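*Asks:* sequence first, then the predicted structure:
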Amino acid sequence: MSSASGFRARLVALTRKEVRQLLRDRSNLFVGLLLPVALILLFGYGLSFDVTDAPVAIVLEDRSPAAQEAVAGIGGSPYLVPVAAASMDEAVELMRAKKIEGIVRVPVDFSRRRAAGDARIQLIVNGADSSTASAIEGYVNGAIQTAARHMADRSGGGSAGGVTLVQRTWFNEAGQSTWYLVPGLLVLVMTLIGAFLTSLLIAREWERGTLESLFVTPVRPLELVLSKLAPYVVIGAIDLVVCLLAARFLFEVPIRGSLLVIIFASLIYLIVALLLGLFISGVTRNQFAASQMALLASFMPAMMLSGFIFDIRNVPVVIQFVSQVLPATHFMELVKSLFLAGTIWPMVLKDCAILAGYAVLLAFLTGRTLRKRLD
Amino acid sequence: MPMADLIAWLAQAFALVRKEILALVKDPANRTILFAPALMQALLFGYGATYDLTRVPYAVVDQSHSAASTELLARLDGTGVFRREATLASNAQIGDLIDGGKVLLAISIPSDFEQRLAAGDTAPIQVILDGRNSSTAGAAAGQIGTIVGDYSRSLGGSPPITVERRAWYNPNLESRWTLMPAMIAALSFMQTLLLSALSVAREREQGTFDQLLVTPLTPMQILIGKAVPSIIVGLIQSTIILLVIRFWFQIPMNGSYWLLYLGLVSFTIAGVGVGLSISALSVTMQQAMLYTFLLIMPLMLLSGMLTPVRNMPQILQVITYVNPLRFGIDMVRRIYLEGAGFTDIAFDFVPMLAVAGITLPLAAWLFRNRLA
């Protein structure tokens, strides 16, 4: 009984000290609260894979009506802007000067080969930006194939038949990249906030020697961990609310799953992110190393390997394994589904269990780094 | 300034550079932290950061059970990319598989598929995609469209117009070729920014910076002493990543190494300038780290590394002019992939050097004029 009340008294006292320290340096608090707002605004608007108004030069070496009709659809595409070029040389010049993103060339023999059933149009794109190049290829191809169908329909011959695709995209009907990026931003913001808020806390105390003074008090490692965690959970929770509001109302990403589950899962992940920072801090005992580690171990993997942008299905098995080890990957999968697909209980239970497991493991490991030991 | 004075001045600055480098590399933990991650990240992200489809698990509902549907599906399986995970009896079973992420897409072929084809009608098949990752879904839909189009044409449908695509600088449009050169700039940028941001802040926190200020060293010499080690670390990191890209991933280098390094030096100086300004503004390491983290995320995500700058709203595109990383990445990509010459990329130097020209003197001024 007395040990339980002692635990509580020490925890309250330590937490009060941490809160005061947090409030003393206002810049900390200010950034902790302002950062997510700035980030989510900037990235919600700034990150997009949706190519629009890409200038594409059209070189008509064959000026026949059929040739003109074949490429006319490019002008009608909302994604492409046709730019007239008199010759291939001129178009290449424009492309080298980065004035255009692609060249569509209708060769001299287009009409003749079309009569033979083998019409060809050349498309040149800049592979230095492969995702824009692929998108443009898709749009140009679409416009030309539509034109080809219309032309064939009109001439009547051989137009019938063929397989058509009826395509439906679930969860993100319009295929907007914002819808899958914004839920991911929630993960990035939580990761970054978690790591930077806590990764210096213990290292600073080691450097200043104040941790050694704590060793002569009755304080236990777990109490230290919890007291350092508590004030930052509050800041993180406020950030979480801000992110959710921005996602829902600013970017109009639907929240199809249970809001309560999203909040619950995010809080578990927030604790994992904060504990990861504390753990790094406890292991390195050095502010310089701790901050470098926090950057390397939190933000970069969460951005590159968690499925935020790059689909984990496409990477080699070894990298998939690394990705599965990251807590961010599990939260990423869960958050995207909760936003766009709905509450899929088996996934919710699995991912929440994994995240909770990480929280317990990291709390234990961080506690170990704080054992009363001098070296 | 007479020659002898200049030499003495440089010797003083060099002494500080030497001390800073020693302080940095004497600690084995520091050595590991500054050089091992560059190698690890280059390998990890080289494999992990790809937009190219390599494995698309799919489910099929074939109610037609005909030669035509079998042939179409065989073409799909023949790509090696599409992998059939499940053959379902009815459309009702699709939901669970897609929800749980077991398959990326489901193809449903209706029972009258072959009859319609034989009759010369259009035969629709349905494709249901998981849009939670819209770029993967879009790419998979595009590939299926091509395969189905080829199949359709093989039946003697509408006379086709073949679009022959040629991609400059990256013939197979591999996303790794686009992403990895960007990392030469981006990965080293982050660590050098943090390194330089912590350099003065650490001395401030420990009180040794005041001692440095009462030495005969001028702020300019202190600036050199603090900047040079970070620049060297940044260039070594870039070199490690460059070697991984060139020799491990074997992405061909088309440009001049001299020009590449000239660009990297300017870029790294700009990054270190930003870092030192942060450092000079901060009283504690916590603050320096805070400002760095605050900057790194926007600088990274608005650099054009992951998503092209041209897709951003106009106003953000204008803002990216102050982001040295944007021009660093553009410069490296263009030299590495496109083999660009100096005149092609001369403009990239302007924003980078402007950032360096503002931040470095600012940092030097702040050393003297901001005493906590």
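*Replies:* Thanks, I have the structure now.
*Asks:* quick one, domains of chain A?
*Replies:* Here the domain parsing of chain A from automatic domain parsing is A:2-47+A:176-369, A:54-152.
*Asks:* now tabulate those domains in TSV and tack on distance to chain B, mean neighbour count and mean pLDDT.
*Replies:* C-betas here are computed from N, CA, C, even on glycine. Below are these laid out as TSV (distance: least, CB to the nearest CB, whole Å; neighbours: other CB atoms under 10 Å in any protein chain shown; pLDDT from 0 to 100):
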stretch	distance to chain B	mean neighbour count	mean pLDDT
domain A:2-47+A:176-369	4	20	86
domain A:54-152	3	19	87
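*Asks:* possible to save the ones you listed as CSV with distance to residue B:257?
*Replies:* As requested, the domains of chain A are exported to CSV (distance: least, CB to CB, whole Å):
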stretch, distance to residue B:257
domain A:2-47+A:176-369, 27
domain A:54-152, 18
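*Asks:* ok, which of these comes nearest residue B:47?
*Replies:* Across the domains of chain A, residue B:47 has its closest neighbour in domain A:2-47+A:176-369 (4.8 Å, CB to CB).
*Asks:* ok so, going back, just tell me which of the domains of chain A ends up closest to residue B:182.
*Replies:* Here domain A:54-152 is closest among the domains of chain A (CB to CB), at 10.1 Å.
*Asks:* quick check: longest helix of chain B.
*Replies:* helix B:175-206 (DSSP state H).
*Asks:* average pLDDT across that one?
*Replies:* Here helix B:175-206 scores 90 as its mean pLDDT.
*Asks:* what's the following helix or strand after it?
*Replies:* Counting by DSSP states H and E, the next helix or strand C-terminal to helix B:175-206 is helix B:208-213.
*Asks:* so how far is that following helix from its chain's centroid?
*Replies:* Mean C-alpha position of helix B:208-213 versus that of the full chain (CA atoms, centre = their mean, to the nearest Å) differs by 38 Å.
*Asks:* so which bits of it are buried?
*Replies:* By neighbour count on 16 or more other CB atoms under 10 Å in any protein chain shown, the buried set for helix B:208-213 is B:209, B:212.
*Asks:* what residues of the first helix or strand past that helix going along the chain count as buried?
*Replies:* With elements assigned by DSSP H and E, the helix or strand that comes after helix B:208-213 is helix B:219-243. Buried residues in helix B:219-243, counted by 16+ other CB under 10 Å: B:219, B:221-235, B:237-238, B:240-242.
*Asks:* quick revisit: and the longest helix of chain B, what's buried?
*Replies:* For helix B:175-206, the neighbour count (16+ other CB under 10 Å) marks B:175-205 as buried.
*Asks:* how about the residues of the stretch 201-350 of chain B by chain A?
*Replies:* Contact residues, the stretch 201-350 of chain B versus chain A (CB under 8 Å from any CB of the partner chain): B:202, B:284-287, B:289-294, B:296-298, B:300-302, B:306-308, B:310-313, B:316, B:333-334, B:337-338, B:344.
*Asks:* strands - which of those residues land there?
*Replies:* Assigned to strands by DSSP state E, none of these qualify.
*Asks:* those residues in helices, which ones?
*Replies:* B:202, B:285-287, B:289-294, B:296-298, B:300-301, B:316, B:333-334, B:344.
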